[in-house]
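K.L.:
Task: produce atomic coordinates for the following.
(2 chains)
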Amino acid sequence: MFTHLNVASAFSGHYGVTRPELLAEAAASQGATALAITDRDGLYGAVKHIGACLKLRIDPIVGVNLTVKDLGRVVVLAKGQDGGIGWAALCRVVSAAASKGKPIAITREELAELTIRDGLALCTVLIGQETDFGLASIARNRLLAAKCLTEWRRLFSAKGSLAIELTNQLTEPETAGSTTVAARMLALGDSMGVPCVLTNAVRYLSPDDALTADVLDAARFLEPLGSFTPQPNAQAWLKPPASMVALAVEITNDRDRAKKLLETTEALADRCRLNPPNDCGWGKPKTPEKATLGIDGNPFEVLWQRAYSAIDWRYSDAKERKLLDIRHRLGKELETINKLGFATYFLTVADVAQMIRDMKVRIAARGSGAGSLTNYLLGISGVDPIEHDLLFERFLSTERSSLPDIDIDVESARRHDIYRAIFKRYGSNRVTLLSMQSTYRGRGAMRDSGLALGLDEDQIDEIAANMWRFSARSFRSAIAQKPELAMVAEALEKDRKMNLLVDITERLDRLPRHISMHPCGVILGDATLLDLTPVERSGLGLPMSQFDKDDMDPMGMLKLDVLGVRMQSAMAYAVRELERVKGETLDLDAIPKDDEATFANIRSTNTLGVFQIESPGQRELTGKHQPTEFNDLTIQISLFRPGPMKGNMIAPYLDGRHGFAKAEYIHPDLEPILRETFGVVIFHEHVLRIFDKMTGCGLAKADEFRRSLEDPRVSASVEQFFRQKAEARGYSPLVIEKVWEILKSFSSFGFCKAHGAAFALPTYQSAWLKTHHPKEFLAGLFTHDPGMYPRRLLLAEARRLGVKLLPIDVNVSTDEFLVEPDGIRMALNDVAGMSEAEVARVIENRPYNDLADFYLRAKPSRRTLERLATVGALDSLVSGTEYNRGDILARVRELNAITKRKVIDANQPMLDFELLERLPTGNTAPTKAEIVAAEMAILKMDVTEHALEQYRPMLEEMGVVHSNELVGLRNKSEVLVAGIRVATQTPPMRSGKRVVFITLDDGYGCSDSTFFDEAQGRCSHILFNNRLLIIAGKTRRTGVNGVSIMAENAWDIRELWAQWQARRPELSA
Amino acid sequence: MTLINEKVEVSVDRAGSPIGFSWKGGLYLVASKPVRWFARKQWWVESARVQRGIGAGVLEVEMWRMIAADSGKKQGQFELVHDAMQGIWRLVRVYE
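P.N.:
Okay, the predicted model is just below:
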């Protein structure tokens, strides 16, 4: 038997090759009873390693490969079975090394201090060939090696705190990794009484993986292979015991000494075997201490009391019967929570939610948590689960004991403030951010592979651009099949390096690439949190755990997702502007959910800017669906997902809704469950209820069945259970057969209704704001830019709604879009290239009297000054109607021509001749078309008028239809539409044929055109390269308010305009 | 030191260590304990394919160093490369 004590997994970024699970499996099958993981610079793979070892019933050992400042890399192994003090010391060592930023390192003194307490070793430090001692040994400098070893021994004198690591990687004699060097280190260790252990400094599972390690080295060094010293050979693999014994014999040249070396190695391994629950707190839920949450007494009683007393707040006008239902359901939920011991968890999340609300930040729950009445009563969620018929069991049940996920959406602009507030409230010893490991995927894998081979970057990019919709792992077979890769296929036949590129790209696929901050995860624990997880500095400056989201549940850690949502920021901004300008206070969470005007507005499909339902596809579906109540929004959002679309659920639902087809319920028992969706199974909640109804299994068990439907290994036993129980309850074989077919195919298609309802809330709120306070809402959208469209389309929407966009004015504009009585004032930071500092200076130094004053005090760059003048931001600095924009521009160019900017001196009257304000006159004012073109270039928006306006005479003559007139036309009318292309989508089609969807904005709204194969053949060169288009086609009615165009041809407007002008010179003048 | 690159016939013991080889018409017998190590190859220059599973043979190669003498008692240090996959030995360096 041999235990490997130095093993880097793939979580050693750009170093290790093999995932921890595979290493553990291999070790177990070699007969090992323990295996170490020692990733470089962190415990990134540790939790996955422990989990894999537990599954295989071998003992995990955990350590880290760390740089000791000025002395080289060592391995630090945690002592095990000591109640967690070894594990805690290891975590603290890693945190100490990683908290100071790059390069990650620790001093030897600090390492000794953290790993030895009261003369007891909490960790063992292995010093091998990468240390000063090892290098001296390689250099055959015995004197220096002995001196180095003495220094190590001086600080690490505690028993078990230090060992010499021998590796024999069969390299050329006398070089690093060679037998001779190992033998020399052994001799010195023996003579100085320092124990020696044997490792193989493993980087990969099998010799073949060494090739991948070469490529990772190139990625780490950021240099092509051949320009740095590569690994010496392919020996750093997880060798079986027999090979390790042979290596020991080769070093010692003495069987007895070899035996002793292996025994010492096993003794150290035994010392480091971890008992995960006792050493690492494995699987034990951790939440902040009661006192931290301000709780006295039993947490469950506190939770009970808080939830019950909130019934009055949430259900103030409920009748006695409903109150009974509410109390009954709450009782059941709380019972489950108590059984699972999660009371403190709920109180913690409620505490965070309350803190966020106290910060006056908008908050909403997302995900299955919205199905919990407890969450609703505690103010964690804003969706009433009773009104929307949501199930608690989908969120939490006694059948599962993992901590539930409660995800919170907040205003994106305030997210980092919230993180900091959480750290402040609970203390930085109880909180860290969550990390995530990104992995190599297609393009990234190919770029790093190309870099390793020293290929031309442009060439790699060109090939990588075609790498989508297939994984890098199947690169070679994709090349053979995909026509767009024909060029690559051809190159493969004659270019050797291309072949290598394909091979190593496949090797890199799915390996961990680098660690970064999780976009929304926060870990909350008690005061021992930093004894359980190592932390490093995140990009935000706050500490971040080295564990990722998959590690949370096994470690019993409470993860809270606090996700920044731009729409929440936009809505909060609208509410604030409403208060600032009109003095109206608005509680968006208290608006009635049945406002007819709001639904009428949604049904018109003018949903641009509305959360979740603004995309062309959603607008088309809205036209067909015609929502009339909140639940319709929940259904629509849930339907418009890849699953339901692939599962063909939309058409039967719409047919049922519009009475085109009679709803099919299979059995009268299912009618109450599926009435809301006309017999179509859409929601997870439907499946739970059907299982429960037909088998009597209970909703909690039903959710377990639902989850196992996705796993073919257990779904057979679920099927058996379902058929037997349903038969016993008297359902006919035909009914059972039909229902099972639906349930079986459902698994990959359905959606959690609670999640849909949680999304529908901001959808409704944003639609309500757009209906009742369009100006404020649009100002919020402009300021926080939450949507999928370019801003100029919002401008078109503003025009359609009669909301005027006021030009930038340096005396009024700020860094936000301000609501004014006449419209919305554009923000300064929309000027391309204007820096934050410039914006701040403009705001700080106003008001400005004239151009020279602005030039002197706001100190804009020449480029910014000219751009501001061009878009009219300086117009207000000039009084008198005799001056035009051309004169202002002329003056600005004069100012810009001054080589040295004058410094104003308050004591000196300004007498500088150059700066005396005197405006030139008689310059040519720019034309409207010129102004619009400049606005498009500088602001990316055609503010003065729609960019299509200048072509109007031609468009009118051609009989081009306005987009808002389409809905009034008959089906299959021949039409011409024009506009600016705002969206192009080429979704994958089942047939494999490409379909192009193009959305045009013409200032009256949007038109959506569909190009099939034949039409694409006529005009594909125009579709992708032009912004201004005219499209010819036939109308196709998609619903009451839905019309799209089956396109037949398309032209570039500017080309037609040139021809038209040539023909009609008198008109175009 | 002379750089050579010649195929040679090698006889080995049961453990695979060379015991003798023929070169330039002479038979050389190994006179020291041969030392084995693995040296690396530049597959990015030499190889046509490196797909998963191709094996470490494209990356590393087995090397042997030994003192050997021919019947005329001319002694030197020799380095041999062993391509285990093809069973081919090449003499690469001689220190005489």
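
K.L.:
neighbours around the closest residue to chain B within the stretch 401-550 of chain A, how many?
P.N.:
Chain B sits closest to A:Asp503 of the stretch 401-550 of chain A, with a gap of 4.4 Å, by C-beta to the nearest C-beta. For the C-beta atoms, the positions are set from N, CA and C on the backbone; glycine is no exception. Applying other C-beta atoms under 10 Å in any protein chain shown, we find 21 residues neighbouring A:Asp503.

K.L.:
Can you name the residues that contact it?
P.N.:
A:Arg476, B:Arg49, B:Val50, B:Gln51, B:Arg52 (C-beta atoms under 8 Å, 6 or more residues apart in numbering or on different chains).

K.L.:
most neighbours, which of these?
P.N.:
B:Val50 (24 neighbours).

K.L.:
how close does the residue nearest to it when sequence neighbours are not counted get to A:Thr212?
P.N.:
Using C-beta to C-beta, 6 or more residues apart in numbering or on different chains and skipping residues adjacent in sequence, the residue nearest B:Val50 is A:Asp503, 4.6 Å away. The gap separating A:Asp503 from A:Thr212 is 10 Å, by C-beta to C-beta, to the nearest Å.

K.L.:
So which of the contacts of A:Asp503 belong to strands?
P.N.:
If you go by DSSP state E, these have nothing in strands.

K.L.:
Tell me the bridge partners for A:Leu558.
P.N.:
A:Leu524 (DSSP bridges).

K.L.:
who's in contact with it?
P.N.:
A:Pro285, A:Lys286, A:Thr287, A:Tyr345, A:Thr348, A:Leu403, A:Ile523, A:Leu524, A:Gly525, A:Met552.

K.L.:
Just give me the closest of those to A:Ile742.
P.N.:
A:Leu403 (32.0 Å; C-beta to C-beta).

K.L.:
Up against chain A, what does chain B have?
P.N.:
B:35-40, B:42-45, B:47-56, B:58-60, B:63, B:65 (C-beta under 8 Å from any C-beta of the partner chain).

K.L.:
export the contacts of A:Asp503 to CSV and tack on distance to A:Leu149?
P.N.:
Putting the contacts of A:Asp503 into CSV (distance: C-beta to C-beta, whole Å) gives the following:
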residue, distance to A:Leu149
A:Arg476, 51
B:Arg49, 46
B:Val50, 41
B:Gln51, 45
B:Arg52, 42
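
K.L.:
which bits of chain A sit near chain B?
P.N.:
A:170-173, A:178, A:207-208, A:210-211, A:214, A:225-226, A:230-235, A:452-453, A:476, A:496, A:499-500, A:503-504, A:506-507.

K.L.:
among those, which ones are buried?
P.N.:
A:170-172, A:178, A:207-208, A:210-211, A:214, A:225, A:230-235, A:452-453, A:476, A:499-500, A:503-504, A:506-507 (16 or more other C-beta atoms under 10 Å in any protein chain shown).

K.L.:
Where does B:Gly57 sit: helix, strand or coil?
P.N.:
Following DSSP: H, G, I helix; E, B strand; the rest coil, we place B:Gly57 in the helix state.

K.L.:
ok, back up a step: report the rounded mean pLDDT for the helix or strand the residue of the stretch 401-550 of chain A closest to chain B falls within.
P.N.:
Per DSSP states H and E, A:Asp503 falls inside helix A:496-508. Helix A:496-508 shows a mean pLDDT of 89.

K.L.:
Same check on stretch A:558-578?
P.N.:
94.

K.L.:
Same check on stretch A:868-880?
P.N.:
Mean predicted confidence for stretch A:868-880 is 88.

K.L.:
Could I get the CA-only coordinates of the helix holding A:Asp503 as PDB?
P.N.:
Below are the C-alpha coordinates for helix A:496-508, written out as PDB (Å, rounded to 0.1, in the frame of the first residue of the first chain):
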ATOM      1  CA  ARG A 496       0.200  19.500 -38.900                       C
ATOM      2  CA  LYS A 497      -0.200  22.300 -36.300                       C
ATOM      3  CA  MET A 498      -3.900  22.500 -37.000                       C
ATOM      4  CA  ASN A 499      -4.100  18.800 -36.100                       C
ATOM      5  CA  LEU A 500      -2.300  19.500 -32.800                       C
ATOM      6  CA  LEU A 501      -4.600  22.400 -32.200                       C
ATOM      7  CA  VAL A 502      -7.700  20.300 -32.500                       C
ATOM      8  CA  ASP A 503      -6.200  17.600 -30.300                       C
ATOM      9  CA  ILE A 504      -5.100  19.800 -27.400                       C
ATOM     10  CA  THR A 505      -8.300  21.900 -27.600                       C
ATOM     11  CA  GLU A 506     -10.200  18.700 -26.900                       C
ATOM     12  CA  ARG A 507      -7.900  17.900 -24.000                       C
ATOM     13  CA  LEU A 508      -8.400  21.300 -22.300                       C
END
